[in-house]
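Student: prediction below, plus the sequence it came from.
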Amino acid sequence: MRAFKLFLFALVAFAAASCKDDGTLVKQNVGGKAGEIIIVANKAEWETEPGNELRNILAAQYPYLPQSEPSYTLINIPHKSFTSLFEYHRNILILKVDENLEAKYFAQEDVWAAPQTVILITAPTREEATRVIAENAEKLFNTINQAERNRIMRNSKKYENVELRKLVADKFGGSPYFPKGYSLKKQTDNFVWISYETTYINLGIFVYRIPYKDETSLKLENLMAATAEVMKDNVPGMVDNSYMTISSEITPGLTTMKYKNHNFMEMRGLWEVHNDFMGGPFVIHVFHDKNNPGELIVVEGFVYAPRYDKRDYIRQVESILYSFDWKEDFGK
């Protein structure tokens, strides 16, 4: 019961934490690696149906990667081992099964640290716990997913390269927020390539326009053709007659999305280099250019990291795409 009592105590008492002179709360920065979740659960729950359900939701295969990787890395800690050392982790899920508890799902931010997400699931039996987890599957996954995305966007804005945002916004009426370390790779009248490069890693963001004729322009096959054409014209490979294109290995997925007041189509898939052996995952956001009704704006992120797992890298560039704001909304 210790972890459960600590959690409830924290929810009641965290407002009394140390404060700055202006009354704002001061909390320790979170620890742990990106993409990790601490699961506080005893063996009886972790190795049976409730644990299986959590793994099905949170450790399902991350979509559209060239190799299999889980959406999140789950670290199980029994209740008796959940000491203060683990309380500062970025993502914590506490599962408590006890005959005296009601079946509940509850999420709270910044309980012991910031920016932190803590989820509490209680139930009187393992069967009830499994039911609560299953009924809240989408909410659970989206809560963690958005928390991870928000941390990256927060850092992008806090440590941003302001000049890059200004450059992109002047061309397209809006821009993502690019963290320091990214630099301008290429620009034309209708194409900007922002890149973060090390010896073995290349994270890239493209921003460009494509024509909008009618709603058929937003169909998957038409978006694939239009974006592939732009990549062919602007992203050459390292050998003659080579260029970036959409991989034919797997058909990309296309989803209608809304984030805050921003509506867009999200396309995910794999890219490759024609006549070469490079490749990796990409994610694209496509939306109407509010200043040019006959055009769509495309913000595309890609990862090239042949020596490493790619889940956390694609999540980084995806979060940059989600940070897009129109000029008039900068700073809001």
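Tutor: Thanks, I have it.
Student: strands of the stretch 201-332 of the chain, start to end?
Tutor: Counting by DSSP state E, counting those that start in this stretch, one finds strands in the stretch 201-332 of the chain at the ranges 202-211, 243-246, 253-259, 262-274, 279-288, 295-304, 325-326.
Student: mind putting those in TSV, distance to Asn150 and mean pLDDT included?
Tutor: For glycine as for every other residue, the C-beta is placed from the backbone atoms N, C-alpha and C. Rendered in TSV, the data for the strands of the stretch 201-332 of the chain read as follows (distance: least, C-beta to C-beta, whole Å; pLDDT from 0 to 100):
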stretch	distance to Asn150	mean pLDDT
strand 202-211	19	97
strand 243-246	29	96
strand 253-259	11	95
strand 262-274	15	95
strand 279-288	17	97
strand 295-304	17	98
strand 325-326	15	94
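Student: among those, which is nearest Pro115?
Tutor: strand 253-259 (17.6 Å; C-beta to C-beta).
Student: mind checking how far that closest one is from the chain centre?
Tutor: Average the C-alpha atoms of strand 253-259, do the same for its chain, and the two points are 14 Å apart (C-alpha atoms, centre = their mean, to the nearest Å).
Student: direction included, what does it pair up with?
Tutor: strand 262-274 (antiparallel) (DSSP bridges).
Student: how about the partner strand: buried residues?
Tutor: Residues of strand 262-274 classed as buried by neighbour count (16 or more other C-beta atoms under 10 Å): Phe264, Met265, Glu266, Met267, Arg268, Gly269, Leu270, Trp271, Glu272, Val273, His274.
Student: and for stretch 108-121?
Tutor: Asp110, Val111, Trp112, Ala113, Gln116, Thr117, Val118, Ile119, Leu120, Ile121.
Student: possible to save the strands of the stretch 201-332 of the chain as TSV with distance to Ile77?
Tutor: Putting the strands of the stretch 201-332 of the chain into TSV (distance: least, C-beta to C-beta, whole Å) gives the following:
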stretch	distance to Ile77
strand 202-211	32
strand 243-246	42
strand 253-259	32
strand 262-274	32
strand 279-288	31
strand 295-304	31
strand 325-326	38
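Student: ok so, going back, just the ones in strands from the buried residues of stretch 108-121, please.
Tutor: Assignment to strands by DSSP state E places the following of these there: Ala113, Thr117, Val118, Ile119, Leu120, Ile121.
Student: now do the buried residues in stretch 300-318.
Tutor: In terms of neighbour count (16+ other C-beta under 10 Å), stretch 300-318 has its buried residues at 300-305, 310-318.
Student: let me redo that: stretch 156-167
Tutor: Ser156, Glu160, Asn161, Leu164, Arg165, Leu167.
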